[in-house]
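Novice: make a model of this:
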Amino acid sequence: MNIEDILLDFAGGNIVALLFAAFIIICILKGVRIVPQSEKYVVERFGRLHSVLGPGINFTVPFLDVVRHKISILERQLPSASQDAITADNVLVQVETSVFYRIVEPEKTVYRIRDVDAAIATTVAGIVRSGIGRMELDEVQSNRQQLISAIKVQVEDAVEDWGIEVTRAEILDVNLDAATREAMLQQLNAERARRAQVTEAEGTKRAVELNADAELYAAEQAAKARRVSADAEAYATGVVAAAIKENGIEAAQYQVALKQVEALSAVAQGEGQQTVILPSSAVEAFGNAFGLLKGK
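Specialist: Next up is the predicted model:
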């Protein structure tokens, strides 16, 4: 064996070794799959579903297992969609909706539905029309959150076979046609006017009630004052009666004489009175009073 044959044999052995090393490297690259946190890989073997690779390091059979689909599992938002609907009281409304979802079972999504977004949008449109058709316009405006919850539940049931989880459903706006909007504005103005009239009437009623309460209070106080005055007069009369009963007629004459003296004193103190004419009975009254005082 000459040197050329040895060199050829050595070169041939190196090429085989290099090819073998390259094959090993390719097998390793083919067999080891590193999946990002936000994705899942759908693996097929001989054209059929074999497995779903989750985030992290995964191992497959080189040349037999093929990563056919790389599916993002991040939450997605459908483009805002508008659809017409008719309420139970025959009002045409335009509802703008938006749905958020994420894929949880990629093997169902890729093998059971072709266009996920379009399928969900169509499902939502039908559910919204059905839900609004069972509600009147006032209920749609006031119970929007209840309608959103119902839409979310029904959409979840509809897309369950597609490996999709609906995270949120939103009704962004409910628009009315111009005629309905004008009618509602007139109704709102009428309601405001009615509330203003009711408030004014209640204020007038309250004022009348307070005025009546004040008059009643004043009457009660006047009655109490008269009752106190009557009690005082009754007490004075009782004292006089007791004095008459105890001292006889002389006590009565004494009281009468005092009243006459007080009356004459009041006349004498009047303005512009220079001369006071006393009747004979007045003189007798003074006498009786002094006599009674002496007797006492």
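Novice: any weak-confidence spans in the stretch 151-296 of the chain?
Specialist: Flagging of the stretch 151-296 of the chain using pLDDT under 70 yields the residue ranges 236, 238-296.
Novice: could you pull out the strands for it?
Specialist: 164-176 (DSSP state E, counting those that start in this stretch).
Novice: can you show me the helices along it?
Specialist: Remark: helices assigned in the stretch 151-296 of the chain by DSSP state H, counting those that start in this stretch are 178-247, 249-268, 280-295.
Novice: how far out from the middle of the chain is the longest one?
Specialist: On the basis of C-alpha atoms, centre = their mean, to the nearest Å, the separation between the geometric centre of helix 178-247 and that of its chain is 38 Å.
Novice: relative to the whole chain's centre, how far out is stretch 102-118?
Specialist: 39 Å.
Novice: could you tell me the end-to-end distance of it?
Specialist: This stretch, stretch 102-118, spans 14 Å end to end (C-alpha to C-alpha, to the nearest Å).
Novice: so for that stretch, what gets flagged as buried?
Specialist: Buried residues in stretch 102-118, counted by 16 or more other C-beta atoms under 10 Å: I103, E105, P106, E107, K108, T109, V110, I113, V116. The C-beta positions use only the backbone N, C-alpha and C, and glycine is treated the same way.
Novice: check contacts around the spatially closest residue to V110 that is not a sequence neighbour.
Specialist: Take V110 and drop its neighbours on the chain: the residue closest to it by C-beta to C-beta, 6 or more residues apart in numbering is H69, 4.9 Å away. Counting by C-beta atoms under 8 Å, 6 or more residues apart in numbering, H69 touches Y41, V42, P106, V110.
Novice: just grab the bridge partners of H69 for me.
Specialist: V42 (DSSP bridges).
Novice: got TSV for the buried residues of stretch 102-118, with distance to N211 and pLDDT too?
Specialist: As requested, the buried residues of stretch 102-118 are exported to TSV (distance: C-beta to C-beta, whole Å; pLDDT from 0 to 100):
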residue	distance to N211	pLDDT
I103	74	92
E105	77	92
P106	79	93
E107	82	91
K108	78	91
T109	77	90
V110	82	91
I113	76	88
V116	73	88
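Novice: in helices, which of these fall?
Specialist: Counting by DSSP state H, the buried residues of stretch 102-118 place P106, E107, K108, T109, V110, V116 in helices.
Novice: correct me if wrong: the first one contacts V52.
Specialist: Yes: with contact taken as C-beta atoms under 8 Å, P106 and V52 are classed as touching, separated by 5.9 Å.
Novice: which neighbours do these two share?
Specialist: Overlap of the contact sets of P106 and V52 (by C-beta under 8 Å, 6+ apart) consists of K40, V42.
Novice: what's the farthest-apart pair in the buried residues of stretch 102-118?
Specialist: E107 and V116 (13.6 Å; C-beta to C-beta).
Novice: any weak-confidence spans in the stretch 1-150 of the chain?
Specialist: Within the stretch 1-150 of the chain, the segments meeting pLDDT under 70 span 1-13.
Novice: for it, which segments count as helices?
Specialist: Using DSSP H, counting those that start in this stretch, the helices found in the stretch 1-150 of the chain span residues 3-31, 106-112, 116-133, 137-142, 144-158.
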